[in-house]
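Asker: Sharing a sequence plus its predicted fold:
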Amino acid sequence: MPSSVRTSERTAARRLLVVDDHASIRDLLASWARERGYDARAAADAQEALGELQRQSYDLVISDMRMPGLSGLELLQRLPHGQVQPAVVFITAFGTVPEAVQALQAGALDYVTKPFNVEDLFRRIETRLSRTAPPAATLAQPLFGAEPEAAVAAEPSPGILRGAPENLRRLYELLDQVAPSRCTVFISGPSGVGKELVATELHLRSPRAQRAFVRVNCPAIPKELQESELFGHEKGAFTGAMRRKEGKFFFADGGTILLDEISETSLAFQSKLLRVLQEREYERVGGNEVIKLDVRLVATSNRNMAELVGSGRFREDLFYRLNVVPIEIVPLRQRREDIPHLVGYFVERFCEENRRATLRLSQAALEALLQRHWAGNVRQLQNVCERAVVLKRSGDILDLRDFFLDLEIDTPRSQPAETTLAGMERELILRTLQQVRANRTEAARRLGISVRTLRNKLNEYRAQGVDVESLLEAASR
């Protein structure tokens with residue numbers, strides 16, 4: 001029996017309310033739901049939705065997060081009492097990690113960012129709903145995706161991450177493998193690549209999704225206070241400890257804790273953390289009570305951990321405990337195929353956020369964005385797209401001049417500028433190859449040399465230890 005028929009029979013009795021101030025989205029979701037067997041109604045804002053929910057009960061509410069008047073979160077908090085509460089799924093064009101966590105902690109079933117595929121959205125919702133059914137009904141259900149018979153052909157389920165489909169597919173497959181366990185995960189990569197988003201997606205795909213997701217920015221906590229902030233302290237444990245205080249681990253119990261940039265922690269704290277991972281228990285600073293703990297720990301770092309371990313600045317035994325499942329997020333310049341997808345998402349998101357008509361991207365602008373080094377990675381690209389949308393005065397095409405790329409620093413941070421003549425020549429040749437996407441003929445023409453001379457220069461650089469092949473491969477993407 002086709003899975004679409006089976007799904008329709010399973011959802012025939014469900015009542016669905018769509019809440020969104022954009023009529024096109026309301027109509028699309030309600031129409032699609034009716035085709036899948038839902039009894040679907042629509043409301044233009046949260047106030048109208050509350051009136052509808054007072055009149056009759058619903059099984060599911062799909063609501064925009066940010067609307068004129070009451071927000072989606074306020075709608076969730078004001079659901080009528082004294083009746084079976086509907087499952088609530090939020091959709092939003094400009095979601096943030098804290099907002100997603102707040103929504104889930106308030107009781108939302110799921111949190112999905114626009115743009116999304118409607119079919120994937122309903123498949124994800126139905127899978128989530130099936131996980132709240134009696135165990136016998138969910139034994140054969142995958143964590144995310146289609147019915148078991150169709151699982152092989154299923155597309156990656158929508159999430160908060162953006163990029164080229166094949167890159168996302170590989171990452172989602174890994175996250176879905178890891179999500180059901182409670183093993184530690186270590187996410188590495190330079191600043192701005194999206195390590196925190198990957199950690200959040202892992203939490204949302206795990207059985208802990210309805211519990212707390214606690215993010216700790218380790219560099220922001222003075223090293224002498226890290227133990228107190230993470231494990232809590234007893235009254236009188238140190239000067240200024242006027243009362244007992246619970247730590248971040250206490251609030252993360254049953255859920256996930258993210259130690260962002262864990263490389264910036266003290267050796268004393270690292271020693272205590274090692275015990276937490278080994279024994280699944282801890283004590284407050286100044287206390288003797290042993291507190292049992294059930295938490296998934298995710299750590300991130302933008303530093304070279306091998307160097308930190310070798311120099312004694314990070315405990316080797318702790319690193320091995322953290323690095324059970326390593327996930328490396330490479331710089332944006334090494335995955336340029338993600339750039340068109342990211343730009344499209346950011347432009348659409350900021351157009352909606354700033355209440356302006358959708359803007360399209362010119363080919364010249366896209367080519368220029370593809371050629372940039374992006375030292376600040378995805379975060380820098382996001383800021384550039386926001387600036388372009390906000391400062392665009394007229395027309396519906398974002399051209400190269402709208403991005404003000406001359407304001408951006410585009411020099412690789414890890415490579416100091418060359419001062420010798422030979423070094424400057426090498427830098428010029430390699431930069432030109434990057435600009436022409438590794439086209440040797442065009443590079444030689446721009447440099448005013450023959451292709452043979454260019455080939456000899458590249459052979460010299462290989463002999464000097466320069467990884468020419470990697471540079472050319474990255475430039476050709």
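Answerer: The structure has been received and is ready for your questions.
Asker: what about the closest residue to V19 other than its chain neighbours, how many neighbours?
Answerer: What sits nearest to V19 in space, not counting adjacent residues and going by Cβ to Cβ, 6 or more residues apart in numbering, is S63, at 4.0 Å. Every residue, glycine included, has its C-beta placed from N, CA and C. The number of residues packed near S63 is 24, by other Cβ atoms under 10 Å.
Asker: same deal with P222?
Answerer: P222, neighbours per other Cβ under 10 Å, totals 10.
Asker: same thing with the one 5 residues further on?
Answerer: Using other Cβ under 10 Å, E227 is surrounded by 25 other residues.
Asker: quick one: low-confidence ranges for this protein?
Answerer: 1-13, 81-84, 93-101, 105, 114-115, 127-158, 410-420, 465, 473-477 (pLDDT under 70).
Asker: rewinding a little: what's the residue nearest to V19 sitting at in phi/psi?
Answerer: For S63, the backbone dihedrals are phi -130, psi 140 (criterion: degrees, to the nearest 10).
Asker: Was I right to think it contacts R78?
Answerer: No: taking contacts as Cβ atoms under 8 Å, S63 lies outside contact range of R78: 11.8 Å.
Asker: any residues in contact with both of the two?
Answerer: Counting by Cβ atoms under 8 Å, 6 or more residues apart in numbering, the residues touching both S63 and R78 are A46.
Asker: The most centrally placed residue in the chain: what secondary structure?
Answerer: The centroid of the chain falls nearest to L197 when counting by Cα atoms, centre = their mean (2.3 Å). Following DSSP: H, G, I helix; E, B strand; the rest coil, L197 is assigned to helix.
Asker: Can you tell me how far it is from Y38?
Answerer: 31 Å (Cβ to Cβ, to the nearest Å).
Asker: Next: A23.
Answerer: Counting by Cβ to Cβ, the gap from A23 to Y38 is 19 Å.
Asker: So between those two, which is more surrounded?
Answerer: Y38 (23 against 10).
Asker: give the contact list for that one.
Answerer: Contacts of Y38 (Cβ under 8 Å, 6+ apart): T11, R14, R15, L16, L60.
Asker: Could you identify the most distant pair in the residues you listed?
Answerer: T11 and R15 (10.2 Å; Cβ to Cβ).
Asker: circling back to that earlier point, E119: which of the contacts of Y38 is nearest?
Answerer: So of the contacts of Y38, ranked by how close each gets to E119 (Cβ to Cβ), first place is T11, at 13.8 Å.
Asker: show me where the chain has strands.
Answerer: Secondary structure of the chain (DSSP state E): strands at 15-19, 39-43, 60-64, 87-92, 110-113, 185-188, 213-217, 256-260, 281-282, 291-292, 296-301, 325-328, 360-361, 397-398.
Asker: domains in the chain, as residue ranges please.
Answerer: Split into domains by automatic domain parsing, the chain comes to 3-155, 185-328, 332-407, 421-476.
Asker: Minimum distance to R162: which of those domains has it?
Answerer: domain 332-407 (4.7 Å).
Asker: Share the number of residues neighbouring R170, please.
Answerer: Neighbours around R170, by other Cβ under 10 Å: 12.
Asker: so what's E224 up against?
Answerer: S266.
Asker: rewinding a little: scan the contacts of Y38 and report the most crowded one.
Answerer: L16 (26 neighbours).
Asker: can I assume it is in contact with I62?
Answerer: Yes: assessed by Cβ under 8 Å, L16 is found in contact with I62 at 6.9 Å.
Asker: Spit out the contact partners of K248.
Answerer: V214, V216, E229, L230, I257.
Asker: Among those, which one sits closest to S181?
Answerer: I257 (15.4 Å).
Asker: Give me the phi and psi for S394.
Answerer: phi -150, psi 160.
Asker: again with G232
Answerer: The phi/psi pair for G232 (degrees, to the nearest 10) is phi 80, psi 170.
Asker: Leaving out chain neighbours, which residue sits closest to it?
Answerer: Per Cβ to Cβ, 6+ apart, closest to G232 is G247, 3.5 Å.
Asker: Now I291. Nearest residue, chain neighbours left out?
Answerer: Y282 (5.7 Å).
Asker: Excluding covalently adjacent residues, which one is nearest to V325?
Answerer: Counting by Cβ to Cβ, 6+ apart, the residue nearest V325 is V185, at 4.7 Å.
Asker: Burial check on that neighbour, number of neighbours?
Answerer: Neighbour number of V185 under other Cβ under 10 Å is 25.
Asker: now A44
Answerer: 16.
Asker: Same check on A46?
Answerer: 23.
Asker: S188 now?
Answerer: S188, neighbours per other Cβ under 10 Å, totals 20.
Asker: Could you list which residues are in contact with the closest residue in space to it that isn't next to it in sequence?
Answerer: Spatial nearest neighbour of S188, chain neighbours left out: E328 (5.1 Å); criterion: Cβ to Cβ, 6+ apart. Residues near E328 by Cβ under 8 Å, 6+ apart: I187, S188, G189.
Asker: and which of those residues is nearest to Q382?
Answerer: Distances from Q382 to the contacts of E328, taken by Cβ to Cβ, are shortest for G189, at 15.9 Å.
Asker: and the closest one, how far is that from N383?
Answerer: Relative to N383, and taking Cβ to Cβ, G189 is found at 18 Å.
Asker: Give me the more crowded residue out of these two.
Answerer: Between G189 and N383, G189 has the larger neighbour count (other Cβ under 10 Å), namely 18 against 14.
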